[in-house]
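1. Show me how the following folds:
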Amino acid sequence: MEKKTTVGPKGQVVIPKEIREKIGIKEYSEVIVDVIDDSVIIRKIKPESVSYVDFYSATYSRKLKKKTDIKKIAEEQYEGNILHRL
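-> I've put the predicted structure just below:
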């Protein structure tokens, strides 16, 4: 699949939606950028096995206005639910 795109003033390139969807690149996905001869290759990094809390902390917490300890909140909720059931 070949698509035309433009390099912006800061050297940024938008990967067309069809290509992102085809290989599973989502917002905040990390990719590998490499050069082979006169071509630039962008490859998706296979995701490591990380917990949902670690994933959330590394991606969506960037959008928070203040630093929040997601793991601490999750642990408190978990402990509270266990005590409530007793």
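2. in this structure, which spans are helices?
-> Per DSSP state H, the chain has helices spanning 17-23, 52-59, 70-85. These are given in chain order.
3. quick one: average confidence on the longest one?
-> If I follow you right, that is helix 70-85. Helix 70-85 comes out with an average pLDDT of 70.
4. just the shortest one next, same as before
-> Model confidence over helix 17-23, given as mean pLDDT, is 92.
5. Okay, buried residues for that helix please.
-> Of the residues in helix 17-23, none count as buried by neighbour count, 16 or more other C-beta atoms under 10 Å. Every residue, glycine included, has its C-beta placed from N, CA and C.
6. Contacts for it next, please.
-> 1, 3, 25-26, 44 (C-beta atoms under 8 Å, 6 or more residues apart in numbering).
7. 6 Å instead, please
-> In this structure, residues lying in contact with helix 17-23 by C-beta atoms under 6 Å, 6 or more residues apart in numbering are residue 44.
8. how about the CA coordinates for that helix, as PDB?
-> Once side chains and other backbone atoms are set aside, the C-alpha atoms of helix 17-23 remain, and they are given as PDB (Å, rounded to 0.1, in the frame of the first residue of the first chain):
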ATOM      1  CA  LYS A  17      -4.800   6.600   8.500                       C
ATOM      2  CA  GLU A  18      -5.200   3.600   6.200                       C
ATOM      3  CA  ILE A  19      -1.600   2.500   6.800                       C
ATOM      4  CA  ARG A  20      -1.800   3.200  10.600                       C
ATOM      5  CA  GLU A  21      -4.900   1.000  10.800                       C
ATOM      6  CA  LYS A  22      -3.500  -1.700   8.700                       C
ATOM      7  CA  ILE A  23      -0.400  -2.300  10.900                       C
END
